[in-house]
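Student: fold the following, please.
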Amino acid sequence: MSNPLLRAFVLDRLGLRGPLWAPDQAIAAATALGMIQIDSIRVMGLRNHELAWAARTDAPVSAFYDLVYQQRGMIETHYPVFATRRDWLPWFLRDFDKALNADRLKELRPVMRKMLRHIAEHGPSSPADFESERVIGGFNTIKATTKALEYLFYTGQLQIVGRTAHFHRLFDLTERVGSDLQLPPPNWRRDNGLFFVQSALTVLKLATAQQLAERTAHHIGSWRGGGLPLARKLVAKAEAKGLIQRVPFDDASGEKVPHFALPSDITAFADRAELRDDTARIIPPLDNLLFSRRRLTELFGFTYKFEAYTPLDQRRFYFALPIIYGDAVVGQIDAKKDGEDWRVLDLDIHGDLPVDALRQAVHRLAAIAETGRVTTARAVPAKWRKGLAGRIDIP
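Tutor: Numbers count the residues shown, from 1 in each chain. The predicted structure is shown next:
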């Protein structure tokens, strides 16, 4: 593996190192991540964003939803689905409406007008509140009204303001919940091209020039054009202006490829570099640490594969969660909520990890998932079965 300080840096700045965020710090710290991916899959009693939240803070999961849907310091986007910093949204969505299918947009306008009237009169509504024919879209076919809601979001007329008990999105008028989001940002090419570099590095925290260019191109969006060539130029320009910097400890292990970070993150890490962390953390498949899988492999010597869509006979895990301990990725765990039990289905440990540390992490998640006992499948090695199984012993 590469320079241990690089690994410590990225974990630290992503909130995956040191003491868990205190409840009164959690909202500000989460916002500093820039984006948190939201996913509806709920295998072990918790969804991706809930697991990401729990890996970082003792604040209840409800505080995440309060941040996104009540305080609205972060805003849920449509596809892909993220909780994104509120002040970023106008830059990300600008000009997106120009990329929408013009014929489909014209076809859906009557439906869109009808839905806007309904929401204006009845308040927040979900796709389930509307009857409609099915049209091509999504993984297969979706309701025309669902497609219309997507278009209304991307044209800035609606915002996602909550979730139903079945985790369906609730939409409300932008003018009612965030009129500031309708204000056009300055011309992004002239004034804010570097914003995409800064936002990309805020999300990654640490990246090579290539990794940062790839993420920057993702933030710019394919509909604006430019791709990697433009992103590379913007990365070079951001470095020349001092908006991003090479991390000063990058050469400690003879690294040939420099890594970049925001100056504020480099300064913040200086006082935390020697911090010792004996807490095991279990992170979800779509955690911010995994936004660049190449970086994960290069820094941690660990290659992660999300196997949920892999045929059953070709996979080992379904919803495997990487395990972090001592500034290293030391393995992965697969589990599910089974009635009142949090059942460990399989476990692969390839680094130093005390049994007690993993037990603490597992029982903590099981308690958050509102189960009363941890059980283990026979695929779990005997050492770990004995160490993990039992009644929840987290206060």
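
Student: where's the closest residue to residue 237 other than its chain neighbours, which helix or strand?
Tutor: In this structure, residue 237 finds its nearest non-sequential neighbour in residue 194, 6.5 Å apart by CB to CB, 6 or more residues apart in numbering. C-beta coordinates here come from the backbone N, C-alpha and C atoms, glycine included. Using DSSP states H and E, residue 194 maps to helix 193-204.

Student: isn't the residue nearest to residue 237 up against residue 236?
Tutor: No: counting by CB atoms under 8 Å, residue 194 does not reach residue 236; the two are 10.8 Å apart.

Student: which of the two has more neighbours?
Tutor: residue 194 (17 against 14; other CB atoms under 10 Å).

Student: what average pLDDT does the lengthiest strand in the chain get?
Tutor: What stands out as the longest strand in the chain, according to DSSP state E, is strand 328-338. The average pLDDT within strand 328-338 is 94.

Student: contacting residues around it?
Tutor: 1, 7, 43-45, 280, 282, 296, 300-302, 304, 316-324, 342-353, 362, 369, 371, 375 (CB atoms under 8 Å, 6 or more residues apart in numbering).

Student: give me the buried subset of those.
Tutor: Buried members of the contacts of strand 328-338, counted by 16 or more other CB atoms under 10 Å: 7, 43-45, 280, 282, 296, 300, 302, 304, 317-324, 342-349, 353, 362, 369, 371, 375.

Student: so which of these belong to helices?
Tutor: 7, 296, 300, 362 (DSSP state H).

Student: for those, give me JSON lines that also has pLDDT.
Tutor: Output for those, formatted as JSON lines (pLDDT from 0 to 100):
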{"residue": "7", "pLDDT": "94"}
{"residue": "296", "pLDDT": "92"}
{"residue": "300", "pLDDT": "92"}
{"residue": "362", "pLDDT": "96"}
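
Student: and those residues, which is closest to residue 224?
Tutor: Nearest to residue 224 among these: residue 296, at 27.7 Å, using CB to CB.

Student: so the closest one makes contact with residue 302?
Tutor: Yes: Residue 296 is within contact range of residue 302, at 6.1 Å (criterion: CB under 8 Å).

Student: in the longest helix seen in the chain, what counts as buried?
Tutor: Scanning the chain for the helix with the most residues, using DSSP H, yields helix 102-122. Neighbour counts over helix 102-122 (16+ other CB under 10 Å) mark 104-105, 108, 111-112, 115-116, 119 as buried.

Student: who does it touch, helix- and strand-wise?
Tutor: On a contact count with 3 or more CB pairs under 8 Å, 6 or more residues apart in numbering; DSSP states H and E, helix 102-122 meets helix 144-154, strand 169-173.

Student: could you look over those and pick the most buried one?
Tutor: Of all the helices and strands packed on helix 102-122, helix 144-154 has the most neighbours on average by mean count of other CB atoms under 10 Å, namely a mean of 22.

Student: report the angle between that one and strand 169-173.
Tutor: 60 degrees (axes from the mean of the first three to the mean of the last three CA atoms, to 10 degrees).

Student: distance-wise, check the spatially closest residue to residue 64 that is not a sequence neighbour relative to residue 270.
Tutor: Nearest in space to residue 64, with sequence neighbours left out and distances taken as CB to CB, 6+ apart, is residue 53 at 4.6 Å. Separation of residue 53 from residue 270 (CB to CB, to the nearest Å): 27 Å.

Student: okay, these two: which has more neighbours?
Tutor: Legend: neighbour count by other CB under 10 Å for residue 53 and residue 270, higher for residue 53 (27 against 10).

Student: pLDDT at the closest residue to residue 236 other than its chain neighbours, what is it?
Tutor: Closest residue to residue 236 apart from its sequence neighbours, by CB to CB, 6+ apart: residue 209 at 7.9 Å. On pLDDT, residue 209 comes in at 95.

Student: my guess is residue 209 contacts residue 244. True?
Tutor: No: using CB under 8 Å, residue 209 is not in contact with residue 244; the gap is 9.6 Å.

Student: re the thing from before, and the two most separated of the buried residues of helix 102-122?
Tutor: The most distant members of the buried residues of helix 102-122, if one measures by CB to CB, are 104 and 119, lying 20.5 Å apart.

Student: I'd like to know how far the residue nearest to residue 236 sits from residue 168.
Tutor: In terms of CB to CB, residue 209 sits 41 Å off from residue 168.

Student: same check on residue 109?
Tutor: 24 Å.

Student: what does residue 237 give?
Tutor: For residue 237 relative to residue 168 (CB to CB), the value is 42 Å.

Student: in CSV: the helices and strands packed on helix 102-122, plus mean pLDDT and distance to residue 250.
Tutor: Below are these laid out as CSV (pLDDT from 0 to 100; distance: least, CB to CB, whole Å):
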stretch, mean pLDDT, distance to residue 250
helix 144-154, 88, 39
strand 169-173, 95, 42
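
Student: TSV for these, including distance to residue 392?
Tutor: What follows is those, written out as TSV (distance: least, CB to CB, whole Å):
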stretch	distance to residue 392
helix 144-154	39
strand 169-173	32
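
Student: can you give me the strands for the stretch 151-300 of the chain?
Tutor: 158-163, 169-173, 207-208, 245-246, 259-261, 281-282 (DSSP state E, counting those that start in this stretch).

Student: comparing the ones you listed, which comes out most buried?
Tutor: strand 259-261 (a mean of 25).

Student: now find how far off-centre that strand is within its chain.
Tutor: Distance of strand 259-261 from the chain centroid (CA atoms, centre = their mean, to the nearest Å) equals 20 Å.

Student: each with direction, which strands does that strand pair with?
Tutor: Here strand 259-261 has these sheet partners by DSSP bridges: strand 207-208 (antiparallel), strand 245-246 (antiparallel).

Student: good, we can wrap up now.
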